Structure formats: C-alpha cells, structure tokens
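Asker: Dropping a prediction and its sequence here:
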Amino acid sequence: MRVYINDKAITTKPNISLFELILEQGFPTNGTAAAVNDVVIPKSKQAETILKENDKITVIQAVCGG
C-alpha cells in the first residue's frame with residue numbers, strides 16, 4: 001500500500017495503524033504529533049487509526065533548544 005509521509009511516497013503493509021507506521025519509520029513516540037489528511041490524530045487514537053491507500057500523513061517532532 002502506498003501512503004505519503006511528510007510529502008514522501010512510501011510503500012507499507014495494508015491495514016497498518018498510524019502508530020505502527022510511526023514506529024516503522026523510526027520516529028520517536030514521545031514528542032511527536034501526527035495528522036492524517038490534515039486532521040490531527042491524538043496519541044490516544046493513533047493505534048486505532050488504520051491508514052488507507054494514498055493517505056497523506058504529517059509527522060512533526062518537538063525540538064528542544066533556546
């Protein structure tokens with residue numbers, strides 16, 4: 001199945017959850033926010049959010065600094 005993560009096309013297994021994709025792509029689970037098709041998905045819903053063909057996922061990581 002093809003999806004887009006941060007504007008990059010990737011191929012992944014069908015019926016993957018957003019949480020699984022975040023892990024699969026090596027993003028940290030803490031300090032990370034995600035949206036699917038411009039809808040922010042709360043962390044509590046990421047494991048139950050099943051992705052579909054051509055979904056557009058945005059993952060943003062918090063950065064510390066001053």
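Answerer: Everything's here; your move. These figures come from a predicted structure and were not determined experimentally.
Asker: where does the protein have low pLDDT?
Answerer: In the predicted model, the chain carries pLDDT under 70 at residues 65-66.
Asker: ranges for the helices of it?
Answerer: Applying DSSP state H to the chain gives helices spanning 18-24, 43-46.
Asker: Deepest-packed of the ones you listed, please.
Answerer: Ranked by mean neighbour count under mean count of other C-beta atoms under 10 Å, the helices of the chain are led by helix 18-24, which reaches a mean of 18. Backbone N, C-alpha and C define where each C-beta goes, glycine included.
Asker: Remind me what that one packs against, helices and strands.
Answerer: Contacts defined by 3 or more C-beta pairs under 8 Å, 6 or more residues apart in numbering; DSSP states H and E place helix 18-24 against strand 32-36, helix 43-46, strand 56-61.
Asker: Just the CA trace of it, in CSV.
Answerer: The C-alpha trace of helix 18-24 is given here as CSV (Å, rounded to 0.1, in the frame of the first residue of the first chain):
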residue,chain,number,x,y,z
LEU,A,18,-0.8,5.3,12.3
PHE,A,19,1.1,4.2,15.4
GLU,A,20,2.7,1.2,13.7
LEU,A,21,3.7,3.4,10.7
ILE,A,22,5.3,6.0,13.1
LEU,A,23,7.3,3.2,14.7
GLU,A,24,8.1,1.5,11.3
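Asker: What lies in contact with that helix?
Answerer: For helix 18-24, the surrounding residues in contact (C-beta atoms under 8 Å, 6 or more residues apart in numbering) are 3, 5, 12, 16, 29, 32, 34, 36, 41, 46-47, 49-51, 57, 59.
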